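Participant: Here is the input, now give the coordinates:
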Amino acid sequence: MAASFANLIAEAVLTQFSKLPAKRKPKVRENGLHEWVPLSGIVAEADGNFVCVSLATGMKCLPAAKIPESNGIGLHDWHAEILAIRTFNRYILDECIRLADGGTSDLVEHASSPAAAQPFRLRRGIKLHMYASEAPCGDASMENLMAAQDDASPWEIPTQADGEVATSQHLPGRAYFSQLGVVRRKPARSDAPPTLSKSCSDKLALKQCTSLLASLASLLVDPSDVYIDTLVLPEDQFSAIACERAFSASGRMSAMAEETLEGGYSFRPFFVATTTVQFDYSRRAVQPRASKMTASNLAAAWSLSGVEESILGGVVQGYKPFLPKGASHMSRRKLWQSCRELADKLSDWPAIAYHLAADSHAQAKQGTLLESRDKVKSRAREVALPGWIRNTGDDTFGIE
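Facilitator: This is a model prediction of the structure:
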């Protein structure tokens, strides 16, 4: 694929980011530290036009001990790639609401028949691409990590008390990099509280099977065309070996390529392309102009439907965790509320409204309408991503 094509995707995201106010961007602190941050975005391509529909910055996640306190308000994972996908779900739900209210949308359209499983679908001919300013954390970045070490010798794998070699669930995000093709937790400082959030590489690999749609959004939008077509990475962040291993049908996802999936789902591996365009606030761009630098604690999110937020500690900046007023538009609670409001407008699909009227978020994510999706996720975790430990504890909340 020509670099010019990948550059168009990257530039669509970078141009939109440049329009954000300064308060959403990394800064130079009073002590002289220059901040850097990863950026990611989703781009819709139609008739040769590339439009950024969602973007996000960020590189933090919620410690496992905080998950039960979140109550559907706090984000669990606001690494740029994952927050950009959640913001895309916000955008697509907003577009569906616009259609249900009699408006128009350039992204989605009504299903062709009331007999369809979902009332909305992506417009025909639209392709979705993702840009990321850094190699996704986890398996797709392990070669980059090894190359950055003074000593790239494999690390000794830790053993458990019973003497058995630890499985990938015990591996921190960056450690023991001789173990390749395994599910990893999000990287963090060694003194940081532990997290069970999976790496961006692992989550993107799974999205090749389940689509970009979150579970509740998949009740309303046909997932069959809502897949990433191209993942664009900077040339200096791309490892062909790592990306093939992490994402492709010839790597760890090979077993899913042979699966027959139901409900509009399929294994849809994205193509990884490289761009020569650099993000001004990437670590590599900031380093030459800064004697001291640090990762930004602030994340930002934007969607074409008008969402614009700064996220700190998993909630909207300026609010204490986990107060209802601090819930991001991309939080579990807010997305569930939007799905319910949308379903109540759709008289031809009463089963969806009934499903979403569940007493708890856990109940809303179960049931016959989501059986196909659940089977896809379970199968992918079993045969391609073993060692995936669910990040549980934030699903008992309800909506009054």
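Participant: right, and Ser372 touches Gly263 too?
Facilitator: Yes. Assessed by Cβ atoms under 8 Å, Ser372 is found in contact with Gly263 at 2.6 Å. For glycine as for every other residue, the C-beta is placed from the backbone atoms N, C-alpha and C.
Participant: Which neighbours do the two have in common?
Facilitator: The overlap between the contact sets of Ser372 and Gly263 (Cβ atoms under 8 Å, 6 or more residues apart in numbering) is empty.
Participant: where's Ser54, which helix or strand?
Facilitator: For Ser54, the host element (DSSP states H and E) is strand 49-57.
Participant: in that strand, what's buried?
Facilitator: Neighbour-count burial for strand 49-57 flags Phe50, Cys52, Val53, Ser54, Leu55, Ala56, Thr57 (criterion: 16 or more other Cβ atoms under 10 Å).
Participant: Next up, the contacts around the fourth one.
Facilitator: Meaning Ser54. Contacts of Ser54 by Cβ under 8 Å, 6+ apart are Gly41, Ile42, Ala84, Ile85, Thr87, Phe88, Arg90, Tyr91, Ala301, Trp302, Ser303, Leu304.
Participant: for stretch 194-201, how far is the first residue from the last?
Facilitator: 19 Å (Cα to Cα, to the nearest Å).
Participant: Which residues does that stretch contact?
Facilitator: 61-65, 67, 76-77, 79, 81-82, 132, 136-141, 173, 183-188, 246-247, 388-391.
Participant: Taking strand 49-57 as reference, get the angle to whichever helix in the chain runs longest.
Facilitator: Looking across the chain with DSSP state H, the single longest helix is helix 80-100. Angle, helix 80-100 to strand 49-57, by axes from the mean of the first three to the mean of the last three Cα atoms, to 10 degrees: 120 degrees.
Participant: how far does helix 80-100 sit from the chain's center?
Facilitator: Centroid separation between helix 80-100 and its chain, computed with Cα atoms, centre = their mean, to the nearest Å, is 12 Å.
Participant: what's downstream of it, the next helix or strand?
Facilitator: Counting by DSSP H and E, what follows helix 80-100 is strand 108-110.
Participant: which residues does the closest residue to Lys25 other than its chain neighbours contact?
Facilitator: Distance criterion Cβ to Cβ, 6 or more residues apart in numbering; nearest residue to Lys25, sequence neighbours excluded, is Tyr281 at 6.6 Å. Residues near Tyr281 by Cβ under 8 Å, 6+ apart: Lys25, Pro26, Glu35, Trp36, Val37, Leu39, Thr57, Ser296.
Participant: How about Phe5?
Facilitator: So Phe5 contacts Thr230, Ala273 (Cβ under 8 Å, 6+ apart).
Participant: Alright, that wraps it up for me.
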